[in-house]
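A.B. asks: 3D model of this:
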Amino acid sequence: MTDRAVAAAVVAAVAIMAAGCGGEDKSSAPDCGAAALDRAALAVVDKAYQAGKLGDQMQVRQSLGASFFTSGGDLKPYDSLSVLQRRRLDRWMRGDGTVRTVTGDDRRAAEMAVLRRCKQNG
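C.D. replies: Have a look, this model is predicted:
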């Protein structure tokens, strides 16, 4: 397994946990809607943002909008965003050239991991 494949697998596992699909309560069904996929994608994008791979904080704020950030400069959690913010975030994650280039493969891997998990529990 290549380093890239290992990294993608780790990112996917973290994204599943962030999406709420790896909890201890086996009686509850995993969240398999669009929101679960967006949570997984945001976990990957947030990691790239924290690592400075999407530009500095000012650049990302200009691209995405200041309302997506906490007072400490972190991206807000997915569940704290309004419906309109979630739509804007989704368009940005999938439409911004830098975000697509830097996170595309890892985002898709994380989303596929959510879909596989949901299929196994479906």
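A.B. asks: from here on, contacts and neighbour counts on C-alpha atoms
C.D. replies: Fine.
A.B. asks: low-confidence stretches in the protein?
C.D. replies: 1-30, 122 (pLDDT under 70).
A.B. asks: which one's the longest helix in it?
C.D. replies: Longest helix in the chain, counting residues (DSSP state H): helix 97-121.
A.B. asks: list the helices and strands that one packs on?
C.D. replies: helix 3-18, helix 34-50, helix 83-95 (3 or more C-alpha pairs under 8 Å, 6 or more residues apart in numbering; DSSP states H and E).
A.B. asks: now do it against helix 83-95, angle only.
C.D. replies: Angle of helix 97-121 versus helix 83-95, following axes from the mean of the first three to the mean of the last three C-alpha atoms, to 10 degrees, is 110 degrees.
A.B. asks: ok now helix 97-121, how far from the chain's centre?
C.D. replies: 8 Å (C-alpha atoms, centre = their mean, to the nearest Å).
A.B. asks: give me the buried positions along it.
C.D. replies: Applying a neighbour-count criterion of 16 or more other C-alpha atoms under 10 Å, one finds 99-100, 102-104, 106-115, 117-118 buried in helix 97-121.
A.B. asks: tilt between it and helix 34-50?
C.D. replies: Going by the same axes, to 10 degrees, helix 97-121 makes 140 degrees with helix 34-50.
A.B. asks: tell me the SS of the residue nearest to V60 when sequence neighbours are not counted?
C.D. replies: Nearest residue to V60, sequence neighbours excluded (C-alpha to C-alpha, 6 or more residues apart in numbering): L54, at 6.9 Å. Here L54 is recorded as coil under DSSP: H, G, I helix; E, B strand; the rest coil.
A.B. asks: measure L54 to D96 for me?
C.D. replies: 10 Å (C-alpha to C-alpha, to the nearest Å).
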